[in-house]
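Sequence first, then the predicted structure, then my questions.
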Amino acid sequence: MTTIEVGPLLDKSKWSGYQKLLIFGTALTIILDGVDNQLMGPTIPSLMQAWSLPRGAFANVLTAGPLGMMFGGLFGGWFGDKVGRRTALLSSVLAFSLVTLAISFVGDTTTLMILRFLAGLGLGGAMPNAAVLASEYVPQNRRALAVTATIVCVPLGGFIAADAASRIIPTFGWERLWQLGGLLPIVLGIVLFKILPESPKYLAKHKERWPELRQLLAKMGHNIPADAAFVPDKVPAQAAQAQGSFADVFAGHRLRDTIGLWFAFFFCLMGNYLCIQWLPAMLTGPEVGIDQSTANRILSYFNLGGVAGALLAGVVILRFGSRLSMLTLTVLSIVGAVILSMMKVDAMATLPLYVLITYTGGLMNAVQTTMYALAAHVYPTEIRGRGVGTAVAVGRVGHALTGKLGPWAMAGGTPHYFMTWAYAMGIVFFGLAVVKRHIEKNKAVVAGH
């Protein structure tokens, strides 16, 4: 009987068309995750008018979502390690889509807050499992690009949410926006349950699912003997890690990496959501005086820049490795935030603001999305879901705090608001510098092969 180590087999193989299709399917779930995650911001002005409430009445609603995502990330990572990344991912998608659909029928902030927390559980559980699933579908030298191409769909989803809100709410009302945001993921989740396979490394750990693994590897272009036995990785590593647990996330040789990732995730999500949740409010305030439509469009460029920046970052990491690439991107994002803080924002001449928001948003989103690839690289298969999920959960704490931090940042006007972005990204630089096990550059790409 031949024993096949699935990890090394995939790492040394080509990136087939079928594997690219799997990444596309995984990425679709995160587009819809990004849409549902960012529907609340564009909806609040309509709710303020419909319910005759001030913006401050929605502060707890804005906090409830990321708090739910924090717990969803913690539980979702553990759930993915136990029942499989694909099962956990698609269960999360169906969970947040059903709650999103229910939100279209609410009529008060208390119910809305509860439902946003429940939706956050599903939204938070989807992210780490999508990152892990994407990382375990592809060869090692394409892993960073595959994970980044998946997670980059968060800002893409944010862009779609802002654009859809501007088109749907004025004509059909906010309820239709949320109904669409709930129904589409339900349909996609049902379809993907039929066609998206489980992680090969997860299947290798369960003998009763080896026939499923043989079929999957054959579709990826591998000729597998009928009597083959499987292990996820090299046998010594497998034996040492078979009982992976949460404690292994903090094991002595990983403690430094875990701490660095936590700092990076916490402050990077804080910086990004200071923009996503509060930029329109900052720009439409009396100090700047930009109209609501223009402010929302400027925010959409933050997300659009993020899509381009994140994809570029995935390619750069292949050539230079993650340490040099991510630290450089972080420094450049700090420069952009500092320039914004020094610039006089003119409501009658917004082109410089569009350019700098797109530039800075591209870099901040690039750092955030590639951190998922870095986290998937740091932790081995047995604890990858828990490791990534815990890091994301810590990041969601930073996200949640922006509900209270935003008014403080805006109190000092645009100079203080934009410098708060720079402060956050400065600590991200420290966290990424602490991480020891960065992704190495792809020697084949550097050599031009």
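It's in.

Would you report the backbone torsion angles of T3?
phi -100, psi 120 (degrees, to the nearest 10).

Grab the nearest non-local neighbour of it.
A229 (4.8 Å; Cβ to Cβ, 6 or more residues apart in numbering). (Each C-beta comes from the backbone N, C-alpha and C, glycine too.)

pLDDT score assigned to the one you found?
Listed pLDDT for A229 reads 90.

For it, give me its contacts.
Applying Cβ atoms under 8 Å, 6 or more residues apart in numbering to A229 gives the contacts M1, T2, T3, I4, W210.

Any of these buried? List them.
If you count burial by 16 or more other Cβ atoms under 10 Å, the buried members of those come out as I4, W210.

export the contacts of A229 to JSON lines and tack on pLDDT and distance to V249?
What follows is the contacts of A229, written out as JSON lines (pLDDT from 0 to 100; distance: Cβ to Cβ, whole Å):
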{"residue": "M1", "pLDDT": "64", "distance to V249": "34"}
{"residue": "T2", "pLDDT": "82", "distance to V249": "33"}
{"residue": "T3", "pLDDT": "86", "distance to V249": "28"}
{"residue": "I4", "pLDDT": "87", "distance to V249": "28"}
{"residue": "W210", "pLDDT": "92", "distance to V249": "28"}
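
Out of the contacts of A229, which sit inside helices?
W210 (DSSP state H).

just the contacts of A229 now: which is nearest W262?
Nearest to W262 out of these is I4 (Cβ to Cβ; 35.5 Å).

Show me what that closest one bridges to in the sheet.
Beta-bridge pairing for I4 (DSSP bridges): F230.

Pull up the gap between the residue at minimal distance from the centre of the chain and T330, please.
Most central in the chain under Cα atoms, centre = their mean is I151, positioned 4.7 Å from the mean C-alpha point. Relative to T330, I151 is positioned 17 Å away (Cβ to Cβ, to the nearest Å).

what does K201 give?
Distance, K201 to T330, using Cβ to Cβ: 31 Å.

returning to that earlier point: so what's the residue nearest to the centre of the chain up against?
I30, M127, A130, A131, A310, Q368, T369, Y372, A373.

Write the ChimeraX selection for whichever of these are buried.
To isolate the buried members of the contacts of I151 in ChimeraX, using 16+ other Cβ under 10 Å:
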select :30,127,130,131,310,368,369,372,373
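
what about the lengthiest helix in the chain, average pLDDT?
Across the chain, the longest stretch assigned as helix under DSSP H is helix 252-284. For helix 252-284, mean pLDDT rounds to 90.

which is the next helix or strand following it?
Proceeding N to C from helix 252-284, the next assigned helix or strand is helix 292-320, under DSSP states H and E.

tell me which residues in that next one are buried?
294-314, 316-318, 320.

How far does it sit from its chain's centre?
13 Å (Cα atoms, centre = their mean, to the nearest Å).

ok and it relative to helix 252-284, angle-wise?
Here the directions of helix 292-320 and helix 252-284 differ by 150 degrees (axes from the mean of the first three to the mean of the last three Cα atoms, to 10 degrees).

Which strands or helices does helix 292-320 pack on?
Applying 3 or more Cβ pairs under 8 Å, 6 or more residues apart in numbering; DSSP states H and E, one finds that helix 292-320 contacts helix 40-51, helix 143-151, helix 153-172, helix 252-284, helix 322-342, helix 351-378, helix 443-446.

which one of those has the most crowded surroundings?
Most buried of the helices and strands packed on helix 292-320 by mean neighbour count (mean count of other Cβ atoms under 10 Å) is helix 143-151; its value is a mean of 27.

and F193, how many neighbours does it have?
F193 sits with 14 neighbouring residues when counted by other Cβ atoms under 10 Å.

you'd agree it is up against L89?
No - with contacts counted by Cβ atoms under 8 Å, F193 stays clear of L89, the gap being 10.2 Å.

Next secondary structure after the helix or strand bottoming out on mean pLDDT in the chain?
Here the helix or strand of the chain ranked lowest by mean pLDDT, DSSP states H and E is helix 235-241, holding a mean of 45. Going down the chain from helix 235-241, the next helix or strand is helix 246-249, by DSSP H and E.

can you list the residues that contact that following helix?
Counting by Cβ under 8 Å, 6+ apart, W78, Q241, R254, T258, Y379, E382, I383, R386, G387, T390 sit against helix 246-249.

so which of these comes closest to M425?
Of these, the one sitting nearest to M425 (Cβ to Cβ) turns out to be T258, at 20.5 Å.
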